[in-house]
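**Q** sequence and computational prediction follow.
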Amino acid sequence: MGTNLKKLGEAELEIMQVIWDSETSVTSNFILKELQGRRQWRLSTLMTSLTRLADKGFIQCDRSTGMNLYTSIISENEYKSGASQHFLEKLYNNSIQNMIATLYNNRAIKNSDIEELRNFLDGLEDE
């Protein structure tokens, strides 16, 4: 994710999550159904968001079948990697250590989380 990639709003991220989770192209009605319970949206509201996502370069719409089929252009990992980098830069001066220290000091992460992180890092070094 380059620096030119736009940030997703909360609702847009939920829409993208539905698109990323489904392995194939999806219709707006499918997305609407998946979002039920989280958002009380009308189709028109969703369509506006889908248009915005397409304008931002996150999805493309295929109309060749007579139905609007949406697929992601940017992968979930690509987005998360860029968003994480941006988040670290903005809030923690690009330091993962600062982030962990803040979370730990505010009791947002427990000792068991630290242990899990330690095991994860050890695993990375073993590879």
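**A** The structure has been received and is ready for your questions. Residues are numbered from 1 along each chain as shown.

**Q** stretch 34-47: which residues count as buried?
**A** E34, L35, W41, L46 (16 or more other CB atoms under 10 Å). All C-beta atoms are positioned from the backbone trio N, CA, C, and that covers glycine.

**Q** quick one: contacts of the helix or strand encompassing N77?
**A** Assessed by DSSP states H and E, N77 sits inside helix 76-92. Applying CB atoms under 8 Å, 6 or more residues apart in numbering, the contact partners of helix 76-92 are 1-2, 5, 7-8, 16-17, 20, 58, 94-96, 98-99, 102.

**Q** give the rounded mean pLDDT of the next helix or strand after that helix.
**A** The helix or strand immediately downstream of helix 76-92 is helix 96-105, counting by DSSP H and E. For helix 96-105, the mean per-residue pLDDT is 89.

**Q** quick one: helix 96-105 to helix 76-92, angle?
**A** Relative orientation of helix 96-105 versus helix 76-92 (axes from the mean of the first three to the mean of the last three CA atoms, to 10 degrees): 80 degrees.

**Q** picking that back up, which one of the contacts of helix 76-92 sits in the busiest neighbourhood?
**A** In terms of neighbours by other CB atoms under 10 Å, the contacts of helix 76-92 top out with F58 at 22 neighbours.

**Q** distance check, that one against T24.
**A** Separation of F58 from T24 (CB to CB, to the nearest Å) stands at 17 Å.
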